[in-house]
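Asks: Sharing a model that was predicted from the sequence below.
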Amino acid sequence: MDSEFVYWYLFVIRKAVNIQIKGTNLELTGPLKAYVNEKIGHLEHYSEEIMEARVELETSTHHQKGFFRCEVNLDLPHMQVMRAESTGDDLYAAIDLVVPKLREQIERHKGRAHGEDRRLKRSLKSIFGWRPWKRG
């Protein structure tokens, strides 16, 4: 099979993450939406399981000083949700702070899945005496 065809086939099958952005007490401008799409869309490189991302941006005044909040919910298969929230003096800073939190959760989730595979292999080995390195 031609490698170019395989690349094209994988590119067509792979869909981009659906990102929904909601703004409370602020106007969602084009550059702001593009920034959120860039930062949250980049999380797809860490996990292909992300189906949808819901981003809520909010500004509020507390004692005459404004603060910005960014909350992100990532929907995964089997009704799993990853959630992270951050606040900051600047909206872009709040978005920047939430991305590493989500990346850490994704890495932890992937580590758990890898650990489950190891446990399954270990149990198969103990039950059936399965040792792939010994043939015959």
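Replies: Done, it's in.

Asks: buried residues in the helix or strand where Leu120 lies?
Replies: In the assignment (DSSP states H and E), Leu120 maps to helix 91-128. Buried residues in helix 91-128, counted by 16 or more other Cβ atoms under 10 Å: 91, 94-95, 98-99, 102-103, 105-106, 109. Heads up, the C-betas are built off the backbone N, CA and C, glycines and all.

Asks: Does that helix pack against any helices or strands, and if so which?
Replies: Using 3 or more Cβ pairs under 8 Å, 6 or more residues apart in numbering; DSSP states H and E as the contact test, the elements touching helix 91-128 are helix 30-41, strand 52-62, strand 65-76, strand 80-88.

Asks: Remind me what the second one packs against, helices and strands.
Replies: What that stands for is strand 52-62. Against strand 52-62 (3+ Cβ pairs under 8 Å, 6+ apart) you get strand 18-24, helix 30-41, strand 65-76, helix 91-128.

Asks: list the contacts for Lys101?
Replies: Contacts of Lys101 were listed using Cβ atoms under 8 Å, 6 or more residues apart in numbering, and they are 84, 86.

Asks: just the angle between the helix holding Leu120 and strand 52-62, please?
Replies: 140 degrees (axes from the mean of the first three to the mean of the last three Cα atoms, to 10 degrees).
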